[in-house]
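S.K.: predicted model and sequence below, questions to follow.
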Amino acid sequence: MSPPAPSRRRPRVLPRRFYAGGALEVAPQLLNKLLVGEGRAGRIVEVEAYRGSEDPASHAFRGETARNAVMFGAPGHLYVYFTYGMHFCANVVCMPPGVAEAVLIRALAPVEGVDLMRAARPGIARDTNLANGPAKLCQAMGITRAQDGADLVTGSDGLRVMDDGVAPPTVPASSGRVGIRLASEWPWRWWVPGDPNVSKARALGAARGR
DNA sequence: CTTTGGATCGTCT
DNA sequence: GACGATCCAAAGG
């Protein structure tokens, strides 16, 4: 009898074709992948899908502007936006140029460079509070509008998404999307069941999973 | 533990 | 001129 195969292997960059499909397929597949950069790495444990023209909650719903231009570009790039006058949030762009779909990364489990994440978020006591929210993880990873458009496949801007062999959950937990008014009931939020780094959503309707 | 309000400014109407 | 794909501290149970 040999022991069970280890779930981790040397991390590999996800290929461009990983992002070729729609946000609804890519989002749950991104769970347990690694966001790597700036000497830091975090495992993606919570995501949300946004679909441009068919989704009234999407930044791309009303067409292309200077802010959301990256969403209309090639897949595998990072769309970073500024909101609430002080926060950044990061999305992975899906689908071919001209079709604006993206996956918002909502939470990371810190994996590497925790000291750097702490330095970027002074005053945070517990590791599970370093990146358990879309703006928190940008702060922890050092992501700002300077990384808008970063290519996550070539890593030319210092950021990559990698696969270390940990599979996505067979049955991810899901619920409606957080913090939006229109179409908030659409079940396009997914997370790794039971992970302590998943964000604490404010008042949210019945969630499935855990 | 939960609830509430303030911070702060780019973006689009 | 209004409103966020949010976070945090403070106050109450």
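M.R.: Perfect, I can see it now.
S.K.: need the contact list for the nearest residue to A:Y19 once chain neighbours are set aside.
M.R.: Closest residue to A:Y19 apart from its sequence neighbours, by C-beta to C-beta, 6 or more residues apart in numbering: A:P75 at 3.6 Å. In short, each C-beta sits where N, CA and C put it, glycine included. With contact taken as C-beta atoms under 8 Å, 6 or more residues apart in numbering, A:P75 is in contact with A:R16, A:Y19, A:A20, A:V93, A:C94, A:M95, A:P96.
S.K.: next one: the first one from A:G42, what distance?
M.R.: Just to be clear, that refers to A:R16. 22 Å (C-beta to C-beta, to the nearest Å).
S.K.: who has more neighbours, these two?
M.R.: Each of A:R16 and A:G42 has its neighbours counted (other C-beta atoms under 10 Å); A:G42 has more, 26 against 15.
S.K.: work out for me the element that one sits within.
M.R.: Secondary structure from DSSP states H and E places A:G42 in strand A:40-51.
S.K.: what is the rounded mean pLDDT of that strand?
M.R.: Averaged over strand A:40-51, pLDDT sits at 98.
S.K.: whichever of the contacts of A:P75 end up buried, select them in PyMOL.
M.R.: Burial among those is assessed by 16 or more other C-beta atoms under 10 Å; the matching PyMOL selection reads:
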select buried, chain A and resi 19+93+94+95
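S.K.: just the ones of the contacts of A:P75 in strands?
M.R.: The strands, defined by DSSP state E, take in A:V93, A:C94 from the contacts of A:P75.
S.K.: find the pair from the contacts of A:P75 with maximum spatial separation.
M.R.: A:R16 and A:M95 (11.8 Å; C-beta to C-beta).
S.K.: roughly how far does A:G194 sit from A:T154?
M.R.: According to C-beta to C-beta, A:G194 and A:T154 sit 34 Å apart.
S.K.: what sits against the spatially most central residue of chain A?
M.R.: Geometric centre of chain A, nearest residue: A:I105, 1.8 Å, by C-alpha atoms, centre = their mean. With contact set as C-beta under 8 Å, 6+ apart, A:I105 has these partners: A:L30, A:L35, A:I44, A:E46, A:V47, A:A90, A:N91, A:V92, A:P134, A:L137.
S.K.: list the beta-bridge partners for the fourth one.
M.R.: This means A:E46. Note on A:E46: beta-bridge partners by DSSP bridges are A:A107, A:W191.
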